[in-house]
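Colleague: What shape does this take:
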Amino acid sequence: MVQSLNTKVDFITDATAFTGLTDYGKIMIGDKGFEFYNSRDSRKFVQIPWEEVDYVIASVMFKGKWIPRYAIQTKKNGTFTFSSKQPKKVLREMQEYVAPDHMVQSLGFFDVIKRAFKTLGKKK
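Modeller: From the prediction side, this is the model:
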């Protein structure tokens, strides 16, 4: 069994981690970090201390009505993508530990297309 980082747990919910294949389990947000534990295999887990979190990136659709997924970008180990049953509640709980200027919204579909055309214009 894996030892938890947290000494106090603020929030637990069902979630999906997109690490190669999709893993189903639980997200635990506490005073020391963000943790994901797989429900079937105890060896598959993700523990991210709050000091290691660089940005939290949320994919927002329909003007904030729906948040299908969010990602945690770390300082050293890359980006981890998750989705959960209560994404707004998860992001609100993370606001206590992550600075507001480090919680950003991902680019929309048309923003990505617009950037692609701008970069094509600059290359020529």
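
Colleague: Quickly find the element holding the residue positioned nearest the centre of the chain.
Modeller: The C-alpha lying nearest the average C-alpha coordinate of the chain belongs to residue 71 (C-alpha atoms, centre = their mean; 2.9 Å). Using DSSP states H and E, the element containing residue 71 is strand 66-74.

Colleague: Contacts only, for the residue nearest to the centre of the chain.
Modeller: The contact partners of residue 71, by C-beta atoms under 8 Å, 6 or more residues apart in numbering, come to 56, 57, 58, 59, 79, 80, 81, 82, 106. In short, each C-beta sits where N, CA and C put it, glycine included.

Colleague: so the fifth one touches residue 73, yeah?
Modeller: Meaning residue 79. Yes: in this structure, residue 79 is within contact of residue 73 by C-beta atoms under 8 Å, at 4.7 Å.

Colleague: who has more neighbours, those two?
Modeller: Ranked by neighbour count (other C-beta atoms under 10 Å), residue 79 and residue 73 place residue 73 first, with 17 against 12.

Colleague: Just the strands from the chain, written as ranges.
Modeller: 9-19, 21-30, 33-38, 45-49, 53-61, 66-74, 79-84, 103-105 (DSSP state E).

Colleague: And the second one, what does it pack against?
Modeller: Strand 21-30 makes packing contacts with strand 9-19, strand 33-38, helix 87-94 when contacts are defined by 3 or more C-beta pairs under 8 Å, 6 or more residues apart in numbering; DSSP states H and E.

Colleague: With mean neighbour count and distance to residue 117 as added columns, please give the ones you listed in a markdown table.
Modeller: A markdown table is the format used below for the helices and strands packed on strand 21-30 (neighbours: other C-beta atoms under 10 Å; distance: least, C-beta to C-beta, whole Å):
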| stretch | mean neighbour count | distance to residue 117 |
| --- | --- | --- |
| strand 9-19 | 16 | 28 |
| strand 33-38 | 21 | 36 |
| helix 87-94 | 17 | 31 |
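
Colleague: Any idea which of those gets closest to residue 27?
Modeller: Residue 27 sits nearest to strand 9-19 of all the helices and strands packed on strand 21-30, at 4.2 Å, using C-beta to C-beta.

Colleague: C-alpha coordinates for that closest one, CSV please?
Modeller: In CSV, the C-alpha atoms belonging to strand 9-19 read as follows (Å, rounded to 0.1, in the frame of the first residue of the first chain):
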residue,chain,number,x,y,z
VAL,A,9,-7.7,15.5,3.5
ASP,A,10,-9.9,18.3,2.2
PHE,A,11,-11.7,16.6,-0.7
ILE,A,12,-12.1,13.1,-2.3
THR,A,13,-13.9,12.3,-5.6
ASP,A,14,-14.1,9.7,-8.3
ALA,A,15,-11.8,10.6,-11.3
THR,A,16,-10.0,9.4,-14.4
ALA,A,17,-6.3,9.9,-15.0
PHE,A,18,-5.1,10.1,-18.6
THR,A,19,-1.7,8.5,-18.2
